[in-house]
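K.L.:
no sequence for this one, just the structure:
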Ligand SMILES: Nc1ncnc2c1ncn2[C@@H]1O[C@H](COP(=O)(O)OP(=O)(O)OC[C@H]2O[C@@H]([n+]3cccc(C(=O)O)c3)[C@H](O)[C@@H]2O)[C@@H](O)[C@H]1O
Ligand SMILES: Nc1ncnc2c1ncn2[C@@H]1O[C@H](COP(=O)(O)OP(=O)(O)OP(=O)(O)O)[C@@H](O)[C@H]1O
Ligand SMILES: NC(=O)CC[C@H](N)C(=O)O
């Protein structure tokens, strides 16, 4: 095997593994290694727990799963007897010290080294202490064909356990970090800061390899990169897309310098959020084997944005939009829904709900005698739509997508077993004002990799109309809720920032309103527990991140 004296060619495999698909992930890794070999790589760097998929959650508590992962790794190791590139890859391993989130080095046909993640993240969306045991000690660098490589795993570079310093003190020449780092807004900058801090502390160049793809609520955005020892950006791989990049490192004195690698522009703000929603939806639908999706298209902004995301994710032929009008549905809504579907090129159906709604009303008439019509009758419309969409889903196999934005999900402005029906919600973590911003952005741009058309796919009339659930005459959202700019700001303070009522009032909000929003937020917890998963976009989403009790008498009375 060649000793790497002056040049080290590292192929970075920024790929999209599937949790639990060990054979598929191994096949994907083999294909990448063959391609890397053809391009002259000395080493192929995969990502955290690649063989298992990330996060595997309680799957790693299943002995059969661990055995299958280890067998796959041993098979892959045998491939490296061919004299081609070695491999650094993540896998769970059960050892005498426990089940470890591990990274292994494969070369000469064997596993030549294994290292265990020391810092197990257990906050926000992470739950690793639940299933893994931390590495009992920080393993030293691995001698890979004469280069001493340090192998921290993801959180090892974020925490303060000194993993990188220890590796540097033990003689590492370069740090190769395997990651399963999910997207949230601003995450790329945060990662760059974290890595630069470690470069400053260790004086070593750091190569950061991240996976890509959707896994339930999480979207891994890739965007792998390296920072040179002089703190400059050495290369930057794309965000939200698979890629296999060959990076060429040259030894200069005591330091490895990245001399060649890709340098791509990354999406920002609305573009990044939109693309994350599309990738999260696409992978949820495809990895779970659905032929397509179906949704209620109301002529409102939420379902229009979801339809656009669905077409961008899956292609127009896999998306079916249904207008389900009732007597309160305006002619404008019907026209807007059809215009939106036509602009997107997806299937469009018109299915009036008068008969089933009146049927329910008639059945309930003897029981409701003497009562006033209200929310019950409004919810019946929503539930009828939900029932019909589920029937279409059952019959033809497409999954229903549900369309509640984060503002509505926060305050419970949605009907259980009605418009909350559905398997996945692409806009669950977008506040209403962000929904508008993304609609405007999408009308002016086509995201990279999108399967939908260019142009005004969300008619401006949809974006500009007053939001209404159209469940009774002349209803608007603002009959029940404060204006969305106000509501969203209060919610962001309460949910993302856990601020006190006093501090929120100090931003200029009315105290009684803040108390009311806090109350609505708490009493809607039961609905969120029954809500479909959706793509995490903010620092704190409902589901994995924010875990509040349903039964909760606490109110901030400041
Ligand atoms: N803690 C708890 N644990 C378990 N269940 C609990 C509960 N608290 C209430 N419940 C139950 O939940 C039910 C009430 O919830 P639910 O039936 O959903 O209905 P509800 O929340 O009363 O009403 C739905 C609201 O959403 C609005 N909406 C509906 C549809 C679409 C839109 C939109 O613009 O997108 C807005 C609608 O105008 C109305 O204000 C009751 O039957 C109650 O028993
Ligand atoms: N007339 C309708 N036809 C088809 N689907 C509908 C109709 N009305 C409501 N829906 C479905 O129920 C969801 C909740 O819609 P609703 O109109 O009550 O309020 P919304 O949250 O403002 O959504 P949107 O902005 O999409 O209208 C919609 O996003 C849509 O999927
Ligand atoms: N898999 C991990 O250890 C991820 C934790 C890390 N802080 C991140 O989000 O990037």
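P.N.:
Noted; the coordinates are in hand. Computed from a prediction, not measured in an experiment: that's the story for all the values here. Numbering: from 1, shown residues only. Ligands and ions are numbered 1, 2, ... in the order given.
K.L.:
Please make it C-alpha for all contacts and neighbour counts, starting now.
P.N.:
Will do.
K.L.:
So which residues on the stretch 351-500 of the chain come close to ligand 2?
P.N.:
Within the stretch 351-500 of the chain, the positions lying close to ligand 2 (C-alpha under 6 Å from any ligand atom) are 403-404, 419, 467-470.
K.L.:
Return the member of those residues nearest to ligand 1.
P.N.:
Among those, residue 469 lies closest to ligand 1 (C-alpha to the nearest ligand atom), at 4.0 Å.
K.L.:
okay, that closest one: pLDDT?
P.N.:
pLDDT, residue 469: 86.
K.L.:
in what helix or strand does it lie?
P.N.:
According to DSSP states H and E, residue 469 maps onto no helix or strand at all.
K.L.:
any idea how far it is from residue 123?
P.N.:
Using C-alpha to C-alpha, to the nearest Å, residue 469 is found at 36 Å from residue 123.
K.L.:
Comparing the two, which residue is more hemmed in?
P.N.:
A side-by-side neighbour count of residue 469 and residue 123, using other C-alpha atoms under 10 Å, places residue 469 first with 17 against 11.
K.L.:
give the contact list for the more buried one.
P.N.:
By C-alpha atoms under 8 Å, 6 or more residues apart in numbering, the residues touching residue 469 are 475-477.
K.L.:
Which residue ranges make up each domain of this protein?
P.N.:
Annotated domains of the chain cover 7-261, 270-477 [automatic domain parsing].
K.L.:
how about those domains, which one is nearest residue 555?
P.N.:
With distances scored as C-alpha to C-alpha, the stretch of the domains of the chain nearest to residue 555 is domain 270-477 (15.0 Å).
K.L.:
is the closest one anywhere near ligand 1?
P.N.:
Yes. Using C-alpha under 6 Å from any ligand atom, domain 270-477 reaches ligand 1 at 375, 382, 412-416, 419, 469.
K.L.:
in what helix or strand does the residue of the stretch 251-400 of the chain found nearest ligand 3 lie?
P.N.:
The minimum distance from the stretch 251-400 of the chain to ligand 3, using C-alpha to the nearest ligand atom, falls at residue 276 (15.2 Å). In the assignment (DSSP H and E), residue 276 maps to helix 269-287.
K.L.:
next structured bit after that helix?
P.N.:
Helices and strands here follow DSSP H and E; after helix 269-287, the next one along the chain is strand 293-296.
K.L.:
who's in contact with that following strand?
P.N.:
Counting by C-alpha under 8 Å, 6+ apart, 285, 303, 307, 310, 318-324, 385, 389, 393, 398-402 sit against strand 293-296.
K.L.:
tell me the mean pLDDT for it?
P.N.:
Strand 293-296 shows a mean pLDDT of 99.
K.L.:
hmm, who's touching stretch 357-375?
P.N.:
377, 380-381, 384.
K.L.:
between the residues you listed, which is closest to residue 355?
P.N.:
residue 384 (10.0 Å).
K.L.:
How many neighbouring residues does the closest one have?
P.N.:
Residue 384: 20 neighbours (other C-alpha under 10 Å).
K.L.:
Would you confirm that it belongs to a helix?
P.N.:
Yes. The assignment for residue 384 is a helix, going by DSSP: H, G, I helix; E, B strand; the rest coil.
K.L.:
Surely it touches residue 352?
P.N.:
No. Contact criterion C-alpha atoms under 8 Å: residue 384 and residue 352 do not qualify, at 10.3 Å.
K.L.:
Which single residue of the stretch 201-350 of the chain approaches ligand 1 most closely?
P.N.:
Per C-alpha to the nearest ligand atom, residue 302 is where the stretch 201-350 of the chain lies closest to ligand 1, at 8.4 Å.
K.L.:
Ramachandran coordinates for that residue?
P.N.:
Backbone geometry at residue 302, expressed as degrees, to the nearest 10, gives phi -70, psi -50.
K.L.:
how close does the residue nearest to it when sequence neighbours are not counted get to residue 479?
P.N.:
Spatial nearest neighbour of residue 302, excluding adjacent residues (C-alpha to C-alpha, 6 or more residues apart in numbering): residue 403 at 6.0 Å. According to C-alpha to C-alpha, residue 403 stands 20 Å off from residue 479.
K.L.:
which regions of this protein sit below the pLDDT cut-off?
P.N.:
Along the chain, segments meeting pLDDT under 70 span 1.
K.L.:
residue nearest the centroid of the chain?
P.N.:
residue 219 (2.2 Å; C-alpha atoms, centre = their mean).
K.L.:
Helices of the stretch 351-500 of the chain, residue ranges please.
P.N.:
In the stretch 351-500 of the chain, the segments counted as helices under DSSP state H, counting those that start in this stretch are 354-368, 375-396, 406-411, 432-444, 460-464, 484-491.
K.L.:
so which of the ones you listed comes closest to residue 245?
P.N.:
Residue 245 lies closest to helix 432-444 among these, at 29.1 Å (C-alpha to C-alpha).
K.L.:
relative to helix 484-491, how tilted is the closest one?
P.N.:
120 degrees (axes from the mean of the first three to the mean of the last three C-alpha atoms, to 10 degrees).
K.L.:
Which residues does helix 432-444 contact?
P.N.:
With C-alpha under 8 Å, 6+ apart as the test, helix 432-444 has contacts from 270-271, 274, 301-302, 305, 405-408, 427, 454-458, 463, 484-485, 488.
K.L.:
mind checking which of the helices of the stretch 351-500 of the chain is nearest residue 331?
P.N.:
In terms of C-alpha to C-alpha, the element of the helices of the stretch 351-500 of the chain nearest to residue 331 is helix 460-464, at 12.6 Å.
K.L.:
Output the contacting helices and strands for that closest one.
P.N.:
Packing contacts for helix 460-464, counted by 3 or more C-alpha pairs under 8 Å, 6 or more residues apart in numbering; DSSP states H and E, involve helix 301-314.
K.L.:
elements contacting the helix it packs on?
P.N.:
Helices and strands touching helix 301-314, as assessed by 3+ C-alpha pairs under 8 Å, 6+ apart, comprise helix 269-287, strand 293-296, strand 319-323, helix 331-344, helix 432-444, helix 460-464.
K.L.:
Swap in 7 Å and give it another go.
P.N.:
helix 269-287, helix 331-344 (3 or more C-alpha pairs under 7 Å, 6 or more residues apart in numbering; DSSP states H and E).
K.L.:
Any figure for the gap between the residue of the stretch 201-350 of the chain found nearest ligand 3 and residue 10?
P.N.:
Relative to ligand 3, the nearest point of the stretch 201-350 of the chain is residue 210 (8.7 Å; C-alpha to the nearest ligand atom). Using C-alpha to C-alpha, residue 210 is found at 14 Å from residue 10.
K.L.:
between those two, who's got more neighbours?
P.N.:
The neighbour comparison of residue 210 against residue 10 (other C-alpha under 10 Å) goes to residue 210, with 29 against 25.
K.L.:
Contact partners for that one?
P.N.:
With contact taken as C-alpha atoms under 7 Å, 6 or more residues apart in numbering, residue 210 is in contact with 14, 47, 178-181, 222-224.
K.L.:
now the residues you listed as a markdown table including secondary structure, distance to ligand 3 and neighbour count?
P.N.:
Formatted as a markdown table, those follow (DSSP: H, G, I helix; E, B strand; the rest coil; distance: C-alpha to the nearest ligand atom, whole Å; neighbours: other C-alpha atoms under 10 Å):
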| residue | secondary structure | distance to ligand 3 | neighbour count |
| --- | --- | --- | --- |
| 14 | strand | 15 | 29 |
| 47 | coil | 10 | 33 |
| 178 | strand | 9 | 29 |
| 179 | strand | 6 | 27 |
| 180 | coil | 4 | 24 |
| 181 | coil | 4 | 25 |
| 222 | strand | 11 | 31 |
| 223 | coil | 12 | 27 |
| 224 | coil | 12 | 26 |
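K.L.:
Closest one to residue 97 out of these, please.
P.N.:
Nearest to residue 97 among the contacts of residue 210, counting by C-alpha to C-alpha, is residue 178 at 21.7 Å.
K.L.:
coming back round to it: could you give me the ChimeraX syntax to select whichever of the contacts of helix 432-444 are buried?
P.N.:
In ChimeraX, this line selects whichever of the contacts of helix 432-444 come out buried by 16 or more other C-alpha atoms under 10 Å:
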select :270,271,274,301,302,305,405,406,407,408,427,456,457,458,463,484,488
